[in-house]
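# Dropping the sequence and predicted coords here.
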There are 2 protein chains.
Amino acid sequence: MTGKREAKREALKQRLTEAATGRMESSGLAGLRARDIAADAGCALGGLYNVYQSLDDLILHINSATLGRLNAALEQAAANTDTPRNKLVALAREYLAFAIDNRNLWQALFDHKMPEGVIVPDWHLAEHGVLFSHVAGPIASLKPDLNETELHVMARTLFAAVHGIVSISLREGFIAVPREALDEQLTEFVQTLVTGMEHSSAS
Amino acid sequence: MTGKREAKREALKQRLTEAATGRMESSGLAGLRARDIAADAGCALGGLYNVYQSLDDLILHINSATLGRLNAALEQAAANTDTPRNKLVALAREYLAFAIDNRNLWQALFDHKMPEGVIVPDWHLAEHGVLFSHVAGPIASLKPDLNETELHVMARTLFAAVHGIVSISLREGFIAVPREALDEQLTEFVQTLVTGMEHSSAS
DNA sequence: CCTGTAATTTGAACAATGTTCATTTTATAT
DNA sequence: ATATAAAATGAACATTGTTCAAATTACAGG
């Protein structure tokens, strides 16, 4: 009857992660309390710190899972579309859809900051970097003359632009634009940008 | 010798605001402590709460001042340029410059969140809204057929796109792109977008 | 099945922080 | 000069994340 320790530990970790994810979904990053999470998971307060290094560490793991789902959704969106132009539009729309459908989890990806002096681990930065990569393929088709660096930089720029539009649109306090209008705006924006790319010097 | 109360109160408010702004510049929003601010301003901890409703209220006022300076800088940038295209490029570059030169103050504009249930006062939302307005003029020239709503929405979208690029570029942890490269990327991005606008259906 | 040991779980205690408020100090008017 | 109202003070409180000595539990050997 060995291995029971390991199993319990894993089970607790999962319960904690699920509890924390649930709290984050319903109350957002700012509504996350160590005591609530522990209570939801059915363990003592200290139990959380046996499994995770800190609350920030736990949040990092939640964000990692969210990034995984987001990356999968974006990959799907690009795969189900034909031309580079349509892929870029589909990626932007999927990003918006994911942000709306997973508001608090998505917000936490960008709202969460490590405490002063603590650096974000490389593996997590890499996961963020994958987001940019989805955009790189279609851009490479549109502008085959770009070298790898230029391509990467432009992909990051385009992603950041779309992120900014989604981010400000979903910001609380600001006038809530209806989803359909947002979708249309975003589509038009990407279309305009692609048109611009097609007409620029080194296409 | 009347009016001394009012004067002292104003003086204290200013000292508190300056102290808090200084702390925010050097340590960022997350490094702001009520006790530090009060100590810097030379008053007791409670004094802060005689002048401001809460720390959030104080932060709101700092952000208001920052927005004032940012709006002034953007207005200047647009005024010193000729064509709509060049105005849009100048606005984006000025936005980047301001963000770099006022990193922590600028970050706080978007990082700060009111506690759950407390809503941002209208006058402050309006100040944020002014940011979009700088972009509206040049866009109106480029696309004279837009009605007021369409114009406002497009201005917001373009601003948000530029904001996103600047925001992700200055994000800690991510690879720091040299300022000149950033500036060039941003310029190219706006140029591409304007080109796209010139070639789109309802120009 | 019993027992000793090592790992785990617990929750009281701690430190840091925003906020309040009874008390003290100060400014103004009479 | 004194009374009153305003303002300043800082101790006390509530809410956090985090730690750690003590209690509990799982496992191996007899």
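On my side now, so go ahead. It should be emphasised that the depicted structure is a prediction, and the values quoted were computed from it without experimental measurement.

# distance of the most centrally placed residue in chain A from B:Asn71?
The centre of chain A sits closest to A:Leu67, judged by C-alpha atoms, centre = their mean, with a distance of 4.4 Å. In this view, A:Leu67 and B:Asn71 are 35 Å apart by C-beta to C-beta, to the nearest Å. Any C-beta I mention is one placed from the backbone N, CA and C, and that applies to glycine too.

# Quick check: next helix or strand after the lowest-mean-pLDDT helix or strand in chain A?
Within chain A, no helix or strand scores below helix A:4-27, which has a mean of 91 by mean pLDDT, DSSP states H and E. Under the assignment DSSP states H and E, the closest C-terminal helix or strand after helix A:4-27 is helix A:34-41.

# how about that following helix: buried residues?
Neighbour-count burial for helix A:34-41, counted by 16 or more other C-beta atoms under 10 Å in any protein chain shown, picks out A:34, A:37-38, A:40-41.

# Check whether that helix comes near DNA strand C.
No: using C-beta under 7 Å from any atom of the strand, helix A:34-41 stays clear of DNA strand C, with a minimum separation of 7.7 Å.

# A:Leu48 is in contact with A:Asp36, isn't it?
No: counting by C-beta atoms under 8 Å, A:Leu48 sits too far from A:Asp36 to count as a contact (10.5 Å).

# which non-adjacent residue is nearest the residue nearest to the centre of chain A?
Spatial nearest neighbour of A:Leu67, chain neighbours left out: A:Glu127 (4.6 Å); criterion: C-beta to C-beta, 6 or more residues apart in numbering or on different chains.

# Report the separation between the one you found and B:Glu18.
If you go by C-beta to C-beta, the gap between A:Glu127 and B:Glu18 works out to 41 Å.

# okay, these two: which has more neighbours?
A:Glu127 (20 against 14; other C-beta atoms under 10 Å in any protein chain shown).

# I'd say that one and A:Gly68 touch.
Yes: in this structure, A:Glu127 is within contact of A:Gly68 by C-beta under 8 Å, at 7.5 Å.

# about what we covered before: which secondary structure element contains the residue nearest to A:Leu67?
Short version, using DSSP H and E: A:Glu127 is in helix A:122-142.

# Point out the other elements, helices or strands, that that helix touches.
helix A:55-79, helix A:84-101, helix A:148-169, helix A:179-199 (3 or more C-beta pairs under 8 Å, 6 or more residues apart in numbering or on different chains; DSSP states H and E).

# Relative to the whole chain's centre, how far out is the shortest one?
This points to helix A:84-101. 13 Å (C-alpha atoms, centre = their mean, to the nearest Å).

# what angle sits between that helix and helix A:55-79?
Interaxial angle, helix A:84-101 versus helix A:55-79 (axes from the mean of the first three to the mean of the last three C-alpha atoms, to 10 degrees): 140 degrees.

# So which other helices or strands are in contact with helix A:84-101?
By 3+ C-beta pairs under 8 Å, 6+ apart, helix A:84-101 packs against helix A:55-79, helix A:122-142, helix A:148-169, helix A:179-199.

# can I get those in CSV with distance to B:Ser200 and mean pLDDT?
Shown next, in CSV, are these (distance: least, C-beta to C-beta, whole Å; pLDDT from 0 to 100):
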stretch, distance to B:Ser200, mean pLDDT
helix A:55-79, 24, 98
helix A:122-142, 17, 96
helix A:148-169, 17, 96
helix A:179-199, 6, 96
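
# most packed of these?
Mean neighbour count, computed with mean count of other C-beta atoms under 10 Å in any protein chain shown, is highest for helix A:148-169 among the helices and strands packed on helix A:84-101, reaching a mean of 21.

# Could I have the CA atoms of that one written out in CSV?
What follows is helix A:148-169, C-alpha atoms only, in CSV (Å, rounded to 0.1, in the frame of the first residue of the first chain):
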residue,chain,number,x,y,z
GLU,A,148,13.4,35.9,-39.0
THR,A,149,14.0,38.8,-36.6
GLU,A,150,11.8,41.2,-38.6
LEU,A,151,9.1,38.5,-38.8
HIS,A,152,9.2,37.9,-35.1
VAL,A,153,9.1,41.6,-34.3
MET,A,154,6.2,42.3,-36.7
ALA,A,155,4.3,39.3,-35.3
ARG,A,156,4.7,40.7,-31.8
THR,A,157,3.6,44.1,-32.9
LEU,A,158,0.5,42.8,-34.6
PHE,A,159,-0.4,40.6,-31.6
ALA,A,160,0.1,43.5,-29.3
ALA,A,161,-2.1,45.8,-31.4
VAL,A,162,-5.0,43.3,-31.3
HIS,A,163,-4.4,42.7,-27.6
GLY,A,164,-4.6,46.4,-26.9
ILE,A,165,-7.9,46.7,-28.8
VAL,A,166,-9.4,43.8,-26.9
SER,A,167,-7.9,44.9,-23.6
ILE,A,168,-9.3,48.5,-23.7
SER,A,169,-12.6,47.3,-25.0
